[in-house]
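[1] pasting the structure only:
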């Protein structure tokens, strides 16, 4: 059977697709920001020598890194309200999950970037009379940030793809709106092809920019 492709009818659904794109980008930007805040706090906490502090932080990181994001979204939306006895809107559940998920990865990027700095840098700064946090702020972080940027950029690009999973709890992102169009037109091949192309149009330029920035960063003198 020869399938007759037809994309023209999708033009009348263009506003719905654009609203989905805006929602997707909004969730991406908001959860990247919140993830950075969470990641910085958890990552710096992981540098502590206190086991009492480290154990719950390690548990947080591994819990979110070692379970599927889709399962986390469903759990936050359906199970957490039962445990807390309150209703959690889909938008709140989506933001909480995506922020914690990417925050767990950012935390390891922060920690890994900081511990990668040679011990001699710490020793030299302390020899000048600087205390731990001034050493961190003035000496270690400026060097570590350069090493953190490439994985940060890659994880942030991945976050854009991760937002598509919030459609499972009826958050009106690009994929969810595509599902609505499919239900209205019974033309899933055309709809999901367009959805895939829109994601590609959003992600591919970001990937190229990230690669160009990494190459530029690599050429700078250390």
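    Yep, that arrived. Remember, predicted model here, so these are calculated numbers, not experimental data.

[2] now residue 97: how far from residue 7?
    Distance of residue 97 to residue 7, computed by Cβ to Cβ, to the nearest Å: 34 Å. The way it works is simple: take the backbone N, C-alpha and C, and place the C-beta from them, glycine included.

[3] over to residue 51?
    59 Å.

[4] and those two? Which one has more around it.
    residue 7 (12 against 8; other Cβ atoms under 10 Å).

[5] helices of the chain, start to end?
    14-45, 51-65, 69-74, 80-84, 90-115, 119-127, 132-135, 141-162, 174-185, 188-219 (DSSP state H).

[6] quick one: contacts for the residue nearest the centre of the chain?
    The chain has residue 159 as the residue nearest its centroid, 3.4 Å off, counting by Cα atoms, centre = their mean. The contact partners of residue 159, by Cβ atoms under 8 Å, 6 or more residues apart in numbering, come to 28, 31, 32, 35, 98, 102.

[7] re the thing from before, tell me which of the helices of the chain approaches residue 2 most closely.
    helix 188-219 (12.9 Å; Cβ to Cβ).

[8] and the contacts of stretch 80-98?
    27, 30-31, 34-35, 69, 72-73, 76-77, 159, 162-163, 166, 169-171.

[9] ChimeraX command for the buried members of those?
    With 16 or more other Cβ atoms under 10 Å as the burial test, the buried ones among these are selected in ChimeraX as follows:
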select :27,31,34,35,72,73,76,77,159,162,163,166,169,171
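
[10] so where's the protein shaky on pLDDT?
    For the chain, the stretches flagged by pLDDT under 70 are 1, 220-222.

[11] not counting its neighbours along the chain, what's nearest residue 30?
    residue 95 (6.2 Å; Cβ to Cβ, 6 or more residues apart in numbering).
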